[in-house]
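Trainee: just need the structure, nothing else, for what follows:
(one chain, ligands or ions: 1)
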Amino acid sequence: MDKAEITVFGGTGFLGSAIVRDLIDQGYHVRIACRHPDKAGFPASDNLEKMACDIQDDDSVKQAVRGARSVVNAVSLYYEKPGLTFDAVHVKGAGRAARLAKEAGVTRFVQISGIGASVDSASAYVRARARGEQVVRAEFEEATILRPSVISDRNDGFADNLNRVTKLPVVPLFGRGETRLQPVYVGDVAAAVRRAIEMPEGGGRDLELGGDRIYSYRECLRMIMQREGRRRPMVPVPFLCWRMLAAILGRLPRPPLTRDQVILMEADNVVGSQVGRFADLGIQPLSLEEILRL
Ligand SMILES: NC(=O)c1ccc[n+]([C@@H]2O[C@H](COP(=O)([O-])OP(=O)(O)OC[C@H]3O[C@@H](n4cnc5c(N)ncnc54)[C@H](OP(=O)(O)O)[C@@H]3O)[C@@H](O)[C@H]2O)c1
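Mentor: As a prediction, this is how the structure comes out:
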C-alpha cells in the first residue's frame with residue numbers, strides 16, 4: 001500500500017483520533033493534518049505521518065492531500081475566536097479541503113457534520129455546518145457526509161460532560177430535560193468513516209449516525225449518576241435562563257457554554273426517518289448503556 005493513503009484533517013481531535021486509531025488498526029497508512037499534529041500523542045508508527053496544516057491555508061491543505069486516496073474532514077471549531085470564524089473553518093475550510101482533494105485525484109471524501117445541520121437554524125454554528133455540507137457537495141459530488149448525534153466514549157465526550165455536571169450539588173436541566181438525544185459511540189462513528197471509505201459503491205450519500213437507543217437528557221444524567229453511585233437533585237432551568245447565561249459566558253476566551261450549545265439542546269438530536277444510517281454501512285451501534293459499561 002502507498003504511504004499516507006488516507007489524510008485525516010482534525011486527526012488529533014476527540015473524534016479524529018478515534019478515526020486515526022481505527023484506520024491504523026486496520027492497516028491503513030494515515031496522515032494526520034491539523035495545526036498541532038503532535039497533540040494526540042500517537043506512538044510513532046510506520047503507518048502514521050503527521051503534518052502541520054491549517055485548513056484555512058491553500059498551500060498546507062494541498063500538501064496534506066498530496067498522494068492520498070481518501071480524505072476525512074473531522075476539523076471542528078465550537079466557538080469563534082479573533083481571526084477564526086465558523087465561516088472560515090466550517091464553510092471555506094471544508095470547501096477548500098474538498099476542492100483540493102478533488103484536484104489531487106482523491107477518490108473518497110468524508111465530511112463530518114452533525115445532526116440538525118440547517119441553513120435556517122438560529123445558531124451561527126449550525127448554519128455554518130449546513131453551508132459546509134453544501135460547499136463540500138458542490139466541490140466533491142461523491143463525498144459522503146456523516147452527521148453524528150452527540151458522540152461519547154466511556155469517559156470522554158458526552159459522558160464526560162454528563163459526569164462533570166452531575167458533580168454539582170444540584171444538577172441544572174436544559175428546560176425540563178426532555179430533549180431527545182441519540183448518543184453514539186465514538187468507535188462506531190470511526191468505523192462508519194472507514195466503511196464509507198471502503199464500500200465499493202460508497203459516496204454521494206448523507207448518513208445520520210445515532211446510537212442504538214434514544215433517551216431524554218434527564219435519562220442520560222440519571223444513567224451516569226447511577227454508574228458513578230452519585231445522587232443529586234435535578235432542577236429544571238428555562239432555556240431563556242440558559243441563553244442569558246450563555247450570553248455572559250460566551251464572552252470568555254474559552255467559554256464553558258455558548259449560545260449555539262443552548263440552541264442545539266432546544267431541539268431533539270436524533271436520526272431522521274428519511275436518511276441513511278448505520279445499518280446502511282453494516283454497523284450495529286452501541287446504546288449509551290453499553291458505552292458507559294465499556
Ligand atoms: N463531539 C461531538 O459530540 C460531536 C457531535 C456531532 C458532530 N461532531 C463533529 O465531529 C467533528 C469533530 O469534532 P470533535 O469533537 O472531535 O472536535 P475536537 O476534539 O475539537 O477536534 C478538532 C480537531 O480539528 C483540528 N482543527 C481545528 N482548527 C483547525 C484548523 N484551522 N486547521 C486544521 N485543523 C484544525 C484540531 O487540531 P488543531 O487545534 O491542532 O488544529 C483537532 O484535531 C466536527 O465536525 C464536529 O462538529 C462532534
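Trainee: test my guess that I6 contacts V30.
Mentor: Yes: using Cβ atoms under 8 Å, I6 makes contact with V30 at a distance of 5.2 Å. C-beta coordinates here come from the backbone N, C-alpha and C atoms, glycine included.
Trainee: please identify every residue contacting each of these two.
Mentor: Shared contacts of I6 and V30, defined by Cβ atoms under 8 Å, 6 or more residues apart in numbering, are found at L23.
Trainee: neighbour count winner among the two?
Mentor: Applying other Cβ atoms under 10 Å to I6 and V30 shows that V30 carries more neighbours, namely 28 against 24.
Trainee: and the more buried one, how close does it get to D153?
Mentor: For V30, the distance to D153 (Cβ to Cβ, to the nearest Å) stands at 19 Å.
Trainee: same check, this time on S17
Mentor: In terms of Cβ to Cβ, S17 sits 10 Å off from D153.
Trainee: quick one: low-confidence parts of the stretch 151-294 of the chain?
Mentor: Along the stretch 151-294 of the chain, the model assigns pLDDT under 70 to residues 202.
Trainee: change it to 80
Mentor: 200-203 (pLDDT under 80).
Trainee: which residues of it lie near the ligand?
Mentor: For the stretch 151-294 of the chain, the residues in contact with the ligand (Cβ under 6 Å from any ligand atom) are I151, G157, F158.
Trainee: could you export the lengthiest helix in the chain as PDB, CA atoms only?
Mentor: Scanning the chain for the helix with the most residues, using DSSP state H, yields helix 124-139. Taking Å, rounded to 0.1, in the frame of the first residue of the first chain, the C-alpha atoms of helix 124-139 are listed here in PDB:
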ATOM      1  CA  ALA A 124     -24.500  30.500  13.500                       C
ATOM      2  CA  TYR A 125     -22.500  27.300  14.200                       C
ATOM      3  CA  VAL A 126     -25.300  25.000  12.900                       C
ATOM      4  CA  ARG A 127     -25.900  27.200   9.800                       C
ATOM      5  CA  ALA A 128     -22.100  27.100   9.100                       C
ATOM      6  CA  ARG A 129     -22.200  23.200   9.300                       C
ATOM      7  CA  ALA A 130     -25.100  23.100   6.800                       C
ATOM      8  CA  ARG A 131     -23.300  25.500   4.400                       C
ATOM      9  CA  GLY A 132     -20.200  23.400   4.800                       C
ATOM     10  CA  GLU A 133     -22.100  20.400   3.700                       C
ATOM     11  CA  GLN A 134     -23.300  22.300   0.600                       C
ATOM     12  CA  VAL A 135     -19.900  23.500  -0.400                       C
ATOM     13  CA  VAL A 136     -18.400  20.100   0.100                       C
ATOM     14  CA  ARG A 137     -21.100  18.500  -2.100                       C
ATOM     15  CA  ALA A 138     -20.500  21.200  -4.800                       C
ATOM     16  CA  GLU A 139     -16.700  20.700  -4.800                       C
END
